[in-house]
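Chemist: I would like to see how this sequence folds:
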Amino acid sequence: IREHMSDHYLYKYYDYEGLKATLETGARLWSYCIGLNEPICRDIKPKWEFGGFQEIMVACVRKQYNPMDKALGIDYQKFLDKMTDGTLKLEKFVSDLKDAFNAEIETMRPHMLVCCFTDNKHNLPMWSGYADNHTGGVIKFSNFDKTNSPLAYARKVHYQNDRPKCKLTRAIEAKDDSYMLEVLHKLFLTKASDWQHEDEWRALWHEIPAETTEAVALDAEQLAQGRKLLPFAGEEVTAVYLGAEMPAAHREEITELMNRQYSWAEIYQARPDDKELTLDFDCLKSWQHELPLNK
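Modeler: Residues are numbered from 1 along each chain as shown. The predicted structure is shown next:
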């Protein structure tokens, strides 16, 4: 399921304010599709594949005992009748099927929540961007199975410039929304190749409209951006990495917060590596020893 998640850990980059707020509230910020930061990948549509009109006909024959798909309003019996009397325009029918399934996906898309992570804590572009020019930090999350966390089902993002391929006949034969949800997951787990340096993982949660979930109140700006704060188990925080350019006062504040609310977690300070053009991390606090913060 985890597609070889690195050591069962996921990392999330924050600017200082986001890092502090996440640790203080014990809640992660999830995004609806409107809140995703890449419009090209936000509204991606599937490339519907099928093996010809004969395959479509066979799929519709299998539907004849349940001819009306109530969710989409597709009358498969009418298709078979027209197929029999030779009045069916196959190209239009297939086009209508694709439009109907795309429309169904669009009704589900607004209820999908996404939380983005990476398995790479050394990523310099992300330290510069998401961690506000190295003044923010990174939280290491783990123990997902023990805490019944939705992050246990996080998937690795696939980077490609082609639309993800999905089977039209499988959509026809599906007995419920399970395949549409599978398609939606595939869409949210596909991003343009230019983003592959992020080594991104995504946790997905499809809310049922009537479903009630415990959430932390959002301010007006967050609501407008299509986001939602959902609490996480504190045990998921196993380490925090402080940016190389984080001011000393902020380092002390985060350290005090960690000691107060996440006393079991390790603390690291990022710094430029002495030999290579990358980051190294000095341990400030671990299970074995505790070192004073560098002023």
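Chemist: need the helices for the stretch 151-295 of the chain, in chain order.
Modeler: For the stretch 151-295 of the chain, the helices defined by DSSP state H, counting those that start in this stretch occupy 168-173, 178-188, 220-224, 248-261.
Chemist: lowest-confidence stretch among those?
Modeler: Lowest mean pLDDT of the helices of the stretch 151-295 of the chain: helix 220-224, a mean of 65.
Chemist: let's see stretch 145-154 as CSV, backbone CA atoms only.
Modeler: Coordinates of each C-alpha in stretch 145-154 appear next as CSV, following Å, rounded to 0.1, in the frame of the first residue of the first chain:
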residue,chain,number,x,y,z
ASP,A,145,-0.6,2.4,12.1
LYS,A,146,-0.4,2.8,15.8
THR,A,147,-2.4,6.1,15.7
ASN,A,148,-4.9,5.0,13.1
SER,A,149,-3.7,7.9,11.0
PRO,A,150,-4.9,8.6,7.4
LEU,A,151,-1.2,9.0,6.5
ALA,A,152,-0.9,5.2,6.7
TYR,A,153,-2.5,5.2,3.3
ALA,A,154,-0.4,7.9,1.7
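Chemist: and the contacts of that stretch?
Modeler: Applying Cβ atoms under 8 Å, 6 or more residues apart in numbering, the external contacts of stretch 145-154 come out as 1-2, 5, 10, 115, 117, 141, 143-144, 201-205, 232-233, 235-236. (Glycine included, C-beta is placed from N, CA and C.)
Chemist: again, but for stretch 270-282
Modeler: Residues contacting stretch 270-282 (Cβ under 8 Å, 6+ apart): 121-122, 124, 127, 134, 241-244, 268-269, 291, 294.
Chemist: closest to Trp195 among the residues you listed?
Modeler: Leu124 (14.9 Å; Cβ to Cβ).
Chemist: distance check, the closest one against Ala131.
Modeler: From Leu124 across to Ala131, the span is 10 Å (Cβ to Cβ, to the nearest Å).
Chemist: so those two - more neighbours on which side?
Modeler: Counted by other Cβ atoms under 10 Å, Leu124 and Ala131 do not tie: Ala131 has more neighbours, with 27 against 14.
Chemist: check contacts around that one.
Modeler: So Ala131 contacts Tyr13, Tyr14, Asp15, Gly137, Val138, Gly243 (Cβ under 8 Å, 6+ apart).
Chemist: list the contacts for the third one?
Modeler: If I follow you right, that is Asp15. Tyr130, Ala131, Asp132, Thr135, Gly136.
Chemist: check what pLDDT it gets.
Modeler: Asp15 is given a pLDDT of 97.
Chemist: where does pLDDT dip in the stretch 101-250 of the chain?
Modeler: Scanning the stretch 101-250 of the chain for pLDDT under 70 picks out 175-176, 208-215, 217-224.
Chemist: quickly note the distance from the residue nearest to Phe79 when sequence neighbours are not counted to Ser149.
Modeler: Excluding the flanking residues, the one nearest Phe79 by Cβ to Cβ, 6 or more residues apart in numbering is Cys60, at 5.2 Å. In this structure, Cys60 and Ser149 are 41 Å apart, going by Cβ to Cβ.
Chemist: same check on Val114?
Modeler: 15 Å.
Chemist: quick revisit: relative to Glu49, which of the helices of the stretch 151-295 of the chain is closest?
Modeler: Here helix 168-173 is closest among these (Cβ to Cβ), at 6.4 Å.
Chemist: buried stuff in the closest one?
Modeler: For helix 168-173, the neighbour count (16 or more other Cβ atoms under 10 Å) marks Leu168, Thr169, Ala171, Ile172 as buried.
Chemist: just give me the closest of these to Ser178.
Modeler: Ala171 (10.5 Å).
Chemist: circling back: which among the contacts of stretch 145-154 end up buried?
Modeler: In terms of neighbour count (16+ other Cβ under 10 Å), the buried residues within the contacts of stretch 145-154 are 5, 10, 115, 117, 141, 143-144, 201-205, 232, 236.
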